[in-house]
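**Student:** Return atomic coordinates for the entry below.
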Amino acid sequence: MNNTKVFVLLAGLAALFGAIGAALGGEQGMITALIIAAVMNVGLYFTSGSLVLRMYGAREVTAAEAPELYALVDRLRQRAGLPMPRVGIAAQRQPNAFATGRNPSHAVLCVTEGLLSTVDGEELAGVLAHEIGHIKNHDMLLQTISATMAAAIVNLARFGAVFGGRRERGERVNPFATLAMLVLGPLGAMLLQLAISRQREFKADATAATLTGNPLALAGALAKLEAGAREAPMDVSPAVAPLAQVNPLGAQASGLTRLFSTHPPIRERIERLEAMAARAPALV
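**Tutor:** Presented below is the predicted three-dimensional model:
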């Protein structure tokens with residue numbers, strides 16, 4: 001079901017891009033906007049591992065430096081049928097974790113020092129399995145694709161505003177329509193991109209529950225991570241905040257602000273994990 005929703009959301013981004021391109025930039029404008037966005041995001045795709053580690057103030061560790069953490073990651077990645085990712089630790093008080101890298105062979109899995117001092121062994125396994133789920137599900141690639149489409153829509157809307165919304169045949173677009181697309185197009189793209197991100201969190205939770213056989217351990221860890229994020233917001237760029245397992249900036253989405261959240265509500269994630277445990281009590 002989650003994969004179907006993501007496909008529909010990506011199709012929505014493509015359709016939105018096509019509609020705005022047809023209205024504002026014509027075929028040439030669409031192609032130009034897409035090329036600019038692709039170049040920007042492909043660069044991020046290939047440099048994401050090292051770049052994100054630096055932005056979180058993290059360092060890569062070896063098996064000798066963190067033997068228990070390394071061994072646990074190794075066991076879980078074997079269950080998932082993945083190569084061993086690089087392992088990092090961020091000197092952050094907030095309990096959190098993230099995974100990045102362009103594919104499973106170039107993946108990085110990082111935890112904070114706060115996480116290691118907050119959760120127990122089973123909860124840590126659940127958190128790590130969630131991040132391994134992101135690697136297994138190729139979420140970095142999906143994130144890059146959705147970001148490329150969203151950025152292309154923003155570029156196209158800007159081109160339409162700068163060049164007066166002139167189509168290829170020379171006729172001009174209604175200026176009010178241009179203004180509406182300049183505002184509503186990027187907003188719609190952002191909402192669709194955020195919806196894709198939230199669906200991937202649910203998918204990674206489900207993958208973690210399968211890998212560990214213990215959905216309740218991850219549920220317990222999520223409650224601790226949410227409390228820790230609220231208590232000690234992290235000083236990190238909003239650009240990489242969506243990679244973390246819970247929102248590292250400490251803001252809790254409610255009401256209308258939930259639409260603009262990169263993470264689904266923790267309560268909803270916990271409820272889904274509890275429902276999984278209830279359906280398969282023998283695994284817990």
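**Student:** Kindly list the main-chain dihedrals of Met234?
**Tutor:** phi -90, psi 140 (degrees, to the nearest 10).
**Student:** what sits against the nearest residue to it once chain neighbours are set aside?
**Tutor:** Spatial nearest neighbour of Met234, chain neighbours left out: Pro248 (3.9 Å); criterion: Cβ to Cβ, 6 or more residues apart in numbering. Yep, even glycine has a C-beta here, placed from its N, CA and C like the rest. Going by Cβ atoms under 8 Å, 6 or more residues apart in numbering, Pro248 touches 94, 96, 229, 233-234, 236, 241.
**Student:** what ranges do the strands span in the chain?
**Tutor:** With DSSP state E as the criterion, the chain has strands at 58-61, 86-90, 97-100, 108-112.
**Student:** With mean pLDDT, mean neighbour count and distance to Leu216 added, can I get these in a markdown table?
**Tutor:** Shown next, in a markdown table, are the strands of the chain (pLDDT from 0 to 100; neighbours: other Cβ atoms under 10 Å; distance: least, Cβ to Cβ, whole Å):
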| stretch | mean pLDDT | mean neighbour count | distance to Leu216 |
| --- | --- | --- | --- |
| strand 58-61 | 94 | 16 | 28 |
| strand 86-90 | 96 | 22 | 25 |
| strand 97-100 | 91 | 27 | 18 |
| strand 108-112 | 95 | 26 | 20 |
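**Student:** Any chance of those in JSON lines with distance to Leu76 as columns?
**Tutor:** Listed next are the strands of the chain as JSON lines, based on distance: least, Cβ to Cβ, whole Å:
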{"stretch": "strand 58-61", "distance to Leu76": "16"}
{"stretch": "strand 86-90", "distance to Leu76": "11"}
{"stretch": "strand 97-100", "distance to Leu76": "12"}
{"stretch": "strand 108-112", "distance to Leu76": "9"}
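**Student:** sorry, back to before: just the ones in helices from the contacts of Pro248, please.
**Tutor:** Among the contacts of Pro248, the residues falling in helices (DSSP state H) are Ala229.
**Student:** Least confident of the contacts of Pro248?
**Tutor:** Of all the contacts of Pro248, Ala241 has the smallest pLDDT value, namely 80.
**Student:** That one contacts Asn247, doesn't it?
**Tutor:** Yes - using Cβ atoms under 8 Å as the test, Ala241 is close enough to Asn247 to be in contact (6.3 Å).
**Student:** Many thanks, we can stop here.
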